[in-house]
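>>> mind folding the following:
(2 chains)
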There are 2 protein chains.
Amino acid sequence: MKVSILGGTGDLGKGLALRLAESSEVIIGSRDPEKARSIADQYIAEFKEKRGSVPNITGMHNSEAVSRGDYIIISIPYEVLPQFLDGLTVEASRTVIVPVVPMKKTKGGFSYTPYQVNGQQLSAAELARSRIGSQNVVSAFHTVPAIKLADLSQAHEYDVMVAADDRSIYERAAELIRSIGGLKPIYAGKLYVSRYLEPLTPLLLNIAINNKLHAPSLKIV
Amino acid sequence: MKVSILGGTGDLGKGLALRLAESSEVIIGSRDPEKARSIADQYIAEFKEKRGSVPNITGMHNSEAVSRGDYIIISIPYEVLPQFLDGLTVEASRTVIVPVVPMKKTKGGFSYTPYQVNGQQLSAAELARSRIGSQNVVSAFHTVPAIKLADLSQAHEYDVMVAADDRSIYERAAELIRSIGGLKPIYAGKLYVSRYLEPLTPLLLNIAINNKLHAPSLKIV
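Model prediction:
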């Protein structure tokens, strides 16, 4: 599989890049192609150090990366998502995965701050669907601790709740998720369910703070 | 402890009544005291059959029940919650626990439908706080499968995420939750976090439907 990770410089982007590189071709996209190449080189070095083999990770401009991947993972800061999506053209055949969570730090902890569009509240995934104009948008990875994913020396076992408008779209995303050992995809429902999945990130951050837990996750039992 | 369960006729009310009756005095409240007594008698009979002992469960009018319990659990249908709260007077010393979830069935599954108050979206627990005028409001029990709680022949082990504005209020609720064997309270944050906890009920219903699971729950891992 070919996976393009747009903006893959945060913990989640790095974790997904390193883990996916075990079995897929990974393309790091950035608005600065030089930076994308430099990040790709860092990930290659880190992968090589931990795994001993050389992964297929390349870096290029977002606009080129987006045309290469079968999967497009949008892993950019939530603040810039609206503008980012406005400049993005994605072919209808691609599966777009959105792990973005709009949230802010407040005095009492972390708050979920969905996008306000024409008086409506939209989750990041719904915003992506409306701006990209494709149904192949998937919401996922909100409860996977990025910091653990990014550490190749750690094993993990996580449930990944996924929202997608159609089961066949979910299945395509599930295939990618399953390709990362230790991740188990679960179909949580149509894309609007992303409104319940995205707040799980601030919820888990609040739980971590209030209970002195390190990188907690949620398991379906 | 004395626990008043207002409207304790649904699966969750029944489950909490039966489980709490193992170590607490339970008062069932209803707007119809005759019905409250009849439900209390049913619960006593069921408890006696399963446990062999006679629990302390009584039934009375809501207004009387609300003055008796150290804990007040509001376990009524979400549709009638606003009117119900308008007629409710709770002493400031009581701990009020709100497991109510406003939601509706749609074509694609279940949707969370927070209350609209003066152009603001409020969770059930926040609505209760504003109407009751007390800070001692707690949001809990959204991920505990009511049907399993209500079946005394089943053992269970569940995490109970709790939102409360203050840790001391949380601790009081946690004591009650811990008194039910197999339930582990977790402090999820201030009461606004109930906006992320309440949608977990429709989320779990959607997950149950989409994955043919019976009464799933969420565990912090």
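>>> elements contacting the longest helix seen in chain A?
Counting by DSSP state H, the longest helix found in chain A is helix A:33-51. Using 3 or more Cβ pairs under 8 Å, 6 or more residues apart in numbering or on different chains; DSSP states H and E, the elements in contact with helix A:33-51 are helix A:11-20, strand A:25-30, strand A:57-61. For every residue, glycine as well, the C-beta is placed using N, CA and C.
>>> mind checking which of these is nearest chain B?
The closest of the helices and strands packed on helix A:33-51 to chain B is helix A:11-20. By Cβ to the nearest Cβ, the value is 17.1 Å.
>>> which stretches in chain A count as strands?
A:2-6, A:25-30, A:57-61, A:71-74, A:95-98, A:103-106, A:109-112, A:115-117, A:120-122, A:137-139, A:158-164, A:183-189, A:218-220 (DSSP state E).
>>> out of these, flag the one nearest chain B.
Chain B sits nearest to strand A:183-189 of all those, at 3.7 Å, using Cβ to the nearest Cβ.
>>> list the buried residues of the closest one.
A:183, A:185, A:186, A:187, A:188, A:189 (16 or more other Cβ atoms under 10 Å in any protein chain shown).
>>> what's the answer for stretch A:127-142, then?
Neighbour counts over stretch A:127-142 (16+ other Cβ under 10 Å) mark A:127-129, A:131-132, A:134, A:136-142 as buried.
>>> wait, isn't residue A:67 in contact with residue A:91?
Yes: if you go by Cβ atoms under 8 Å, residue A:67 and residue A:91 touch, sitting 7.2 Å apart.
>>> and those two? Which one has more around it.
Neighbours per residue, other Cβ atoms under 10 Å in any protein chain shown: of residue A:67 and residue A:91, the larger number sits with residue A:67, 15 against 10.
>>> show me what contacts the more buried one?
By Cβ atoms under 8 Å, 6 or more residues apart in numbering or on different chains, the contact set of residue A:67 is residue A:91.
>>> next one: stretch A:31-41 to chain centre, how far?
18 Å (Cα atoms, centre = their mean, to the nearest Å).
>>> hmm, I typed the wrong one, I wanted stretch A:203-220.
The answer for stretch A:203-220 is 19 Å, by Cα atoms, centre = their mean.
>>> show me which residues of it are buried.
A:203-208, A:210, A:215-220.
>>> do that stretch and chain B meet?
Yes: against chain B, stretch A:203-220 shows contacts by Cβ under 8 Å from any Cβ of the partner chain at A:203, A:206, A:207, A:209, A:210, A:211, A:213, A:216, A:217, A:218, A:219, A:220.
>>> so which of the buried residues of stretch A:203-220 belong to helices?
Those of the buried residues of stretch A:203-220 lying in helices (DSSP H): A:203, A:204, A:205, A:206, A:207, A:208, A:210.
>>> now pLDDT too, for those residues, in CSV please.
Shown next, in CSV, are those (pLDDT from 0 to 100):
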residue, pLDDT
A:203, 98
A:204, 98
A:205, 98
A:206, 98
A:207, 98
A:208, 97
A:210, 97
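>>> can you tell me the closest non-neighbouring residue to residue A:68?
residue A:27 (5.2 Å; Cβ to Cβ, 6 or more residues apart in numbering or on different chains).
>>> pretty sure that neighbour contacts residue A:4?
Yes: checked against Cβ under 8 Å, the pair residue A:27 and residue A:4 is within contact range at 4.3 Å.
>>> find residues that contact each of those two.
In contact with both residue A:27 and residue A:4: A:65, A:68, A:69, using Cβ under 8 Å, 6+ apart.
>>> quick one: which of those is most hemmed in?
Going by other Cβ under 10 Å, residue A:65 tops the shared contacts of residue A:27 and residue A:4 with 25 neighbours.
>>> follow-up on the earlier one: dump the buried residues of strand A:183-189 into JSON lines; add distance to residue A:52 and pLDDT as well.
What follows is the buried residues of strand A:183-189, written out as JSON lines (distance: Cβ to Cβ, whole Å; pLDDT from 0 to 100):
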{"residue": "A:183", "distance to residue A:52": "22", "pLDDT": "97"}
{"residue": "A:185", "distance to residue A:52": "28", "pLDDT": "98"}
{"residue": "A:186", "distance to residue A:52": "33", "pLDDT": "98"}
{"residue": "A:187", "distance to residue A:52": "36", "pLDDT": "98"}
{"residue": "A:188", "distance to residue A:52": "37", "pLDDT": "98"}
{"residue": "A:189", "distance to residue A:52": "41", "pLDDT": "98"}
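>>> now, which of the residues you listed lie close to chain B?
Among the buried residues of strand A:183-189, the residues lying close to chain B (Cβ under 8 Å from any Cβ) are A:186, A:187, A:188, A:189.
>>> quick check: residues of chain A near chain B?
The interface of chain A toward chain B, taken as Cβ under 8 Å from any Cβ, is made up of A:108-109, A:111-112, A:121, A:158, A:161, A:167, A:186-190, A:192-193, A:195-197, A:199-200, A:202-203, A:206-207, A:209-211, A:213, A:216-221.
>>> try it again at 6 Å.
A:108-109, A:187-190, A:193, A:196, A:199, A:203, A:206-207, A:210, A:216-221 (Cβ under 6 Å from any Cβ of the partner chain).
>>> do you know how far residue A:33 is from residue A:62?
According to Cβ to Cβ, to the nearest Å, residue A:33 stands 9 Å off from residue A:62.
>>> so between those two, which is more surrounded?
Neighbours were counted for residue A:33 and for residue A:62 using other Cβ under 10 Å; residue A:62 has more, 24 against 17.
>>> dump the residue contacts of the residue sitting nearest the centre point of chain A.
Residue closest to the mean C-alpha point of chain A, counted by Cα atoms, centre = their mean, is residue A:99 at 3.6 Å. Residues near residue A:99 by Cβ atoms under 6 Å, 6 or more residues apart in numbering or on different chains: A:12, A:141.
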